[in-house]
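Trainee: sequence first, predicted model second:
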Amino acid sequence: MLTYKKAGVNIDRADLLVEFIQKRAPAIGGFSGLFPLAPNGREKHFLVASTDGVGTKLKIAFLLNKHETVGMDLVAMCVNDLITCGAKPLFFLDYYATGRLDLNQGKRVLQGIFKGCREGGMILLGGETAEMPGFYSKGEYDLAGFAVGIVSESKLVDGSRIRPGDAVMGLPSSGIHSNGFSLIRKAFSVKELNRMGSRFLAPTKIYVRPISRLEQFLCKQGRKILGLAHITGGGLLENIPRVLPKDSSVLLELGSWRIPGIFDLIQKKGSVPQREMWRTFNMGIGMAVILRPESVPVARKALPELVTIGRVIRGKREVILS
């Protein structure tokens, strides 16, 4: 029986570090950080920032010598966090570190970053390329990204208006995205990783355009998005509660959406417990959207791929699988 902890990733310990940070930096919270700008005109605005990496998915890219998509993953992991508060993306910065710079490899990584920035509506404003001899194995590198956006106070999505009875909808993921790869690399042999590499390397979906379209459709009807949760490490179980009020929980209705077969394969190969799967992977939903029930028809018209996956109930900020 394989768990994320046995694969080397301790989510509980990471949560303790987050608690330590939040006590000393109370401005940190949610999926991205907000910095209030000096009033300019009639409405208050916030600069919004987020940072992330690609994780051990890079090990699959090294194994297959395929580097064109991990740059898209990098942008997606940052900008999908950014838009959960309603922010409009502005610009992106990257950090690319390697033991010895391989120009061809670096260009392939950057091609993905450029493509991700185009899809995310951002410009690549700058970055850092660091050669660190002896620090990384030959042919290996690490990536970090930083996204900045802006949101007006009237368009801020903070979850505060969520109440029992609200609908929880989901936008499909493109597959595994960029979480859980330490577990995957334990569950599959090198030969299997080589054979299935293209499925594992499918880039993380960027949700900027769909969420923007949804917001525009709702706005025309005088409605709003109440909450957005980017489903990354921790899965649906730990990411949705991050946007809920203290007196609310979410009841997810299993069977209301199609879970891609790759997750069933991972579970079988690693004998992974059911709850561990839900706590590690996105299980087919890359972004959760919380709306008033009366907003659902408008949302489906804007985004036919949206599917209702559950509802908000009274509770203690948790996700219940039913």
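Mentor: The structure has been received and is ready for your questions.

Trainee: distance check, residue 139 against residue 67.
Mentor: Note on residue 139: its distance to residue 67, by Cβ to Cβ, to the nearest Å, is 10 Å. The way it works is simple: take the backbone N, C-alpha and C, and place the C-beta from them, glycine included.

Trainee: comparing these two, which residue is more hemmed in?
Mentor: A side-by-side neighbour count of residue 139 and residue 67, using other Cβ atoms under 10 Å, places residue 67 first with 22 against 12.

Trainee: residues in contact with that one?
Mentor: By Cβ atoms under 8 Å, 6 or more residues apart in numbering, the contact set of residue 67 is 61, 105, 108-109, 112.

Trainee: inside strands: which ones of these?
Mentor: The members of those all map outside strands under DSSP state E.

Trainee: what's the closest of the residues you listed to residue 274?
Mentor: Of all the contacts of residue 67, the one with the least separation from residue 274 (Cβ to Cβ) is residue 61, at 29.2 Å.

Trainee: that closest one: neighbour count?
Mentor: Neighbours of residue 61 under the rule other Cβ under 10 Å: 25.

Trainee: now do the helices in the stretch 51-200 of the chain.
Mentor: Ranges of helices in the stretch 51-200 of the chain, per DSSP state H, counting those that start in this stretch, are 57-64, 70-82, 103-120, 181-187, 190-195, 197-200.

Trainee: residue 88 is in contact with residue 156, correct?
Mentor: No: taking Cβ atoms under 8 Å as the definition, residue 156 is not a contact partner of residue 88, at 11.8 Å.

Trainee: how many other residues sit next to the nearest residue to residue 285 once chain neighbours are set aside?
Mentor: Residue nearest to residue 285 in three dimensions, not counting chain neighbours: residue 170, with 3.8 Å by Cβ to Cβ, 6 or more residues apart in numbering. For residue 170, the count of nearby residues is 26 (other Cβ under 10 Å).

Trainee: try residue 128
Mentor: The number of residues near residue 128, taken as other Cβ under 10 Å, comes to 10.
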